[in-house]
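Participant: Quick check, what structure comes out for this input:
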Amino acid sequence: MNNVKIIRLISGEDIISVIEEIDEGLYLLSSPMIFDIGHRNQSTHISMGHFLPVQVMQQNEMVLHFKDILFMVNPTEEFMEYYGNSVDKLKASNASNGDDVGSNPEMMEFLMQSLDDLDPKEHIKH
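Facilitator: Got it, this is the predicted structure:
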């Protein structure tokens, strides 16, 4: 995988993604994954998951503006390989589970209608 970067967003979230500058200050992120590194006793563990709601998206891509980025760094070869394997496994899992909502027009219509029916004021959690 080329152009894989670890990106810390100004929100504090850490993501790893294939990144390409598409215009001055705009970056296309493909297959972005959020990750967290935890420590227990003397061991370290990494948890990783989709950064975007891929089940309702046509493509697992997003455009990010430079003002939303705190910094970018190169991952280690091992972490880049772990990321690539995670992306492949999640793609295979979603395909085998029929989670490709974008190819199911009835499910997509249902989800979009459900979103339209929500009253944002009733669902505020803060």
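Participant: In its sheet, which strands sit next to the lengthiest strand in the chain, and in what direction?
Facilitator: Longest strand in the chain by number of residues (criterion: DSSP state E): strand 26-40. Here strand 26-40 is paired, per DSSP bridges, with strand 14-23 (antiparallel), strand 43-50 (antiparallel), strand 61-65 (antiparallel).
Participant: and it, what's its mean pLDDT?
Facilitator: Here strand 26-40 scores 92 as its mean pLDDT.
Participant: then that strand to CSV, C-alphas only?
Facilitator: Provided in CSV are the C-alpha atoms of strand 26-40 (Å, rounded to 0.1, in the frame of the first residue of the first chain):
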residue,chain,number,x,y,z
LEU,A,26,-7.7,18.9,0.4
TYR,A,27,-6.9,15.2,0.9
LEU,A,28,-8.8,12.1,-0.3
LEU,A,29,-8.7,9.4,2.4
SER,A,30,-9.5,5.9,1.2
SER,A,31,-10.5,3.1,3.6
PRO,A,32,-9.9,5.3,6.7
MET,A,33,-9.7,3.3,9.9
ILE,A,34,-9.9,4.6,13.5
PHE,A,35,-7.6,3.0,15.9
ASP,A,36,-6.8,3.1,19.6
ILE,A,37,-3.7,1.8,21.4
GLY,A,38,-4.3,0.5,24.9
HIS,A,39,-1.9,-0.7,27.6
ARG,A,40,-2.6,-3.5,30.1
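Participant: Do I have it right that residue 64 meets residue 27?
Facilitator: Yes. Under the criterion of Cβ atoms under 8 Å, residue 64 makes contact with residue 27 at 4.8 Å. Placement of C-beta: from N, CA and C, glycine included.
Participant: ok so, going back, hmm, who's touching the longest strand of the chain?
Facilitator: Residues outside strand 26-40 that contact it (Cβ atoms under 8 Å, 6 or more residues apart in numbering): 7, 13-22, 44-52, 60-66, 69, 83, 86-87.
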